[in-house]
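J.: Below is the sequence, then the predicted model.
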2 protein chains.
Amino acid sequence: MPNPPITLDRSSPIPLYYQVAEQIERAIVSGDIAPGERIENEVTMAAGLGLSRPTMRQAIQVLVDKGMLVRRRGVGTQVVHGKIRRSVELTSLFDDLSAAGQQPRTEVLELVRTEADDEVAQELQVEQGSAVWSLRRLRLVADKPIALMHNYLPAETVALEDVDLTTTGLYAHLRHLGIHMSVARQRIGARRVEAVEARLLDEKRGAPLLTMQRTSYDNSGRAVEYGTHAYRPEHYAFELTLVDR
Amino acid sequence: MPNPPITLDRSSPIPLYYQVAEQIERAIVSGDIAPGERIENEVTMAAGLGLSRPTMRQAIQVLVDKGMLVRRRGVGTQVVHGKIRRSVELTSLFDDLSAAGQQPRTEVLELVRTEADDEVAQELQVEQGSAVWSLRRLRLVADKPIALMHNYLPAETVALEDVDLTTTGLYAHLRHLGIHMSVARQRIGARRVEAVEARLLDEKRGAPLLTMQRTSYDNSGRAVEYGTHAYRPEHYAFELTLVDR
DNA sequence: TAGTGGTCTAGACCACAAT
DNA sequence: TTGTGGTCTAGACCACTAC
């Protein structure tokens, strides 16, 4: 019955359940709790920490949602085997790479105000022909191109005039504008590279590309970004964790 | 303040929060609650249904996790815009396609007991050289091949001798054996088709393929399946919904 | 039978947004 | 100031698993 020493700071603005979840996660990642091992039961842990059981459950739920713990009624809560991989999250590629310790570089190929065509209007839930930004960027890591990104944003909602998008990620800029992304719907596929892309991405004719289309919604449910992106599969893949609900 | 009529059956074994979530979801999908519209606040809804607030919150949380609702403190809970797509879930391709109304067909190309090599042993957390099933299948829809699937399963844990995998999905069989999948970790990429694959999948030389590697874990945290799959991108793509946590 | 997680109640106080 | 969701308490009863 392993029980990592957990400390609580009740004066902190960080929720108690989150403090607990973080410390259990650290114990799992560091190996203090081995894969397959059972952790203490909810009631005992709650009592030991001076927490109510619902709060303790909420802490554990965080890690269940991350795919690190599994619960079985009548049995207990165990650590899932296998290495924990960083999963796809609601961030931009720039943030993704930065977090992975890489140093991404960005070339802005195009940034223009244009009119929404049928597809874009549909995805962004705006009138066809209304003003949208069209943003094309090339993402490089260690001077190797890895992705070609094309984003559309409603010009009404988002100001992109005075931003240096070579140093700032798009999502970081949106956060700066007070726009908080809550939901994204993605479609991941593959296709052959086109001639123009091949030149930009330093790929050969007919090479396979990994593609991703995404529409993102802010915390009021409005669509704020639609993008179609292409990745070099030798240099990028999507990792995800699915959890049974 | 739209409020779909919700009925509760307290004698049902289905949890109350789930009954509520289902009925709100139906109201959203059917359009009774429009995208962007706010639903009633938690406290009022709970009172109206004779539920406690935590139970009402749990119901709403289900739909937030599905990316259908967004909550904002001080504001309320709103319906997310855009069409709701069926997302990648913890099921097999067979189940996926069946649910989508298709009628998948399966050809078993190979089913043999063999020894785990380095990679497979690593993924399944078994000793190198221990007995594993190697299962190769071709999935077809409307007589068109759409995916080539190669799975490995620990022979100790899983009985595959007397199954007709042409009519039963792998995951369906595992459920039948009392194995409940809880977590899966996936990696999605792309590459060129190989010669043998091209013949089986009816693709041209050098065509792009969408690839997926997956390790699945049951509710005790053990790895029970490792698979490397290849999909024809013209006929299949992965859809997913991400939610900010 | 004992121990575990799953569900549910009936409140409380707080932080944040809109007015 | 008012209304909203976010967090937290201190219990209760039940369903399932393992022994």
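T.: Good, I have the coordinates. Numbering: from 1, shown residues only, chains lettered A, B, ... in the order given.
J.: And the residue nearest to A:Val163 when sequence neighbours are not counted, how far from DNA strand C?
T.: The shortest distance from A:Val163 to any non-neighbouring residue, by Cβ to Cβ, 6 or more residues apart in numbering or on different chains, is to A:His173 (5.3 Å). Every C-beta, even on glycine, is put in place using the N, C-alpha and C of the backbone. According to Cβ to the nearest atom of the strand, to the nearest Å, A:His173 and DNA strand C sit 18 Å apart.
J.: looking at this, A:His173 is in a helix?
T.: Yes: assigned with DSSP: H, G, I helix; E, B strand; the rest coil, A:His173 falls within a helix.
J.: Contact residues of chain A facing DNA strand D?
T.: A:15-18, A:50-55, A:58, A:72-75 (Cβ under 7 Å from any atom of the strand).
J.: What is the nearest of the residues you listed to DNA strand C?
T.: The closest of these to DNA strand C turns out to be A:Gly74 (Cβ to the nearest atom of the strand; 2.8 Å).
J.: Can you name the residues that contact the closest one?
T.: A:Gly74 makes no contacts at all, as judged by Cβ atoms under 8 Å, 6 or more residues apart in numbering or on different chains.
J.: and it, what helix or strand is that in?
T.: Using DSSP states H and E, A:Gly74 falls within no helix or strand.
J.: And the pLDDT at it?
T.: A:Gly74 is assigned 92 on the pLDDT scale.
J.: what about it, distance to A:Ala237?
T.: 38 Å (Cβ to Cβ, to the nearest Å).
J.: Then A:Lys204?
T.: Note on A:Lys204: its distance to A:Ala237, by Cβ to Cβ, is 19 Å.
J.: between these two, who's got more neighbours?
T.: Neighbours were counted for A:Lys204 and for A:Ala237 using other Cβ atoms under 10 Å in any protein chain shown; A:Ala237 has more, 17 against 8.
J.: A:Arg53 is in contact with A:Val43, correct?
T.: Yes: if you go by Cβ atoms under 8 Å, A:Val43 and A:Arg53 touch, sitting 5.9 Å apart.
J.: quick one on the thing from earlier: does the residue nearest to A:Val163 touch A:Thr166 like I think?
T.: No: at 11.7 Å, A:His173 and A:Thr166 do not qualify as touching, with contact defined as Cβ under 8 Å.
J.: Can you pick out the residue with more neighbours from these two?
T.: Just comparing A:His173 and A:Thr166: by other Cβ under 10 Å the higher neighbour count belongs to A:His173, 18 against 10.
J.: Contact partners for that one?
T.: By Cβ under 8 Å, 6+ apart, the neighbours of A:His173 are A:160, A:163, A:165.
J.: right, and the helix or strand after the helix or strand of chain A with the lowest mean pLDDT?
T.: Sorting the helices and strands of chain A by mean pLDDT, DSSP states H and E puts helix A:93-99 at the bottom, at a mean of 64. Using DSSP H and E, the helix or strand that follows helix A:93-99 in sequence is strand A:104-115.
J.: Just checking: what are the partner strands of that following strand?
T.: strand A:131-141 (antiparallel) (DSSP bridges).
J.: Restrict stretch A:178-193 to CA atoms and write it as CSV.
T.: C-alpha atoms of stretch A:178-193 as CSV (Å, rounded to 0.1, in the frame of the first residue of the first chain):
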residue,chain,number,x,y,z
GLY,A,178,-8.0,37.2,-23.7
ILE,A,179,-9.3,34.3,-25.9
HIS,A,180,-9.3,31.0,-24.1
MET,A,181,-9.5,27.9,-26.2
SER,A,182,-11.8,25.2,-24.7
VAL,A,183,-12.6,22.7,-27.4
ALA,A,184,-11.0,21.6,-30.6
ARG,A,185,-12.3,19.2,-33.2
GLN,A,186,-9.6,17.6,-35.4
ARG,A,187,-9.4,15.3,-38.3
ILE,A,188,-6.1,13.5,-39.0
GLY,A,189,-5.3,12.0,-42.4
ALA,A,190,-2.6,11.5,-45.0
ARG,A,191,-2.1,12.4,-48.7
ARG,A,192,0.7,13.0,-51.2
VAL,A,193,2.7,16.2,-51.1
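J.: Dump the contacts of A:His173 to JSON lines, plus secondary structure.
T.: Formatted as JSON lines, the contacts of A:His173 follow (three-state DSSP):
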{"residue": "A:Leu160", "secondary structure": "coil"}
{"residue": "A:Val163", "secondary structure": "coil"}
{"residue": "A:Leu165", "secondary structure": "coil"}
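J.: which of those lies closest to B:Pro233?
T.: A:Leu165 (29.6 Å; Cβ to Cβ).
J.: Verify the stated contact: the closest one with A:Thr106.
T.: Yes: A:Leu165 is in contact with A:Thr106 according to Cβ under 8 Å; the separation is 6.4 Å.
J.: Mind splitting chain A into its structural domains?
T.: Here the domain assignment for chain A is A:16-79, A:93-231, based on automatic domain parsing.
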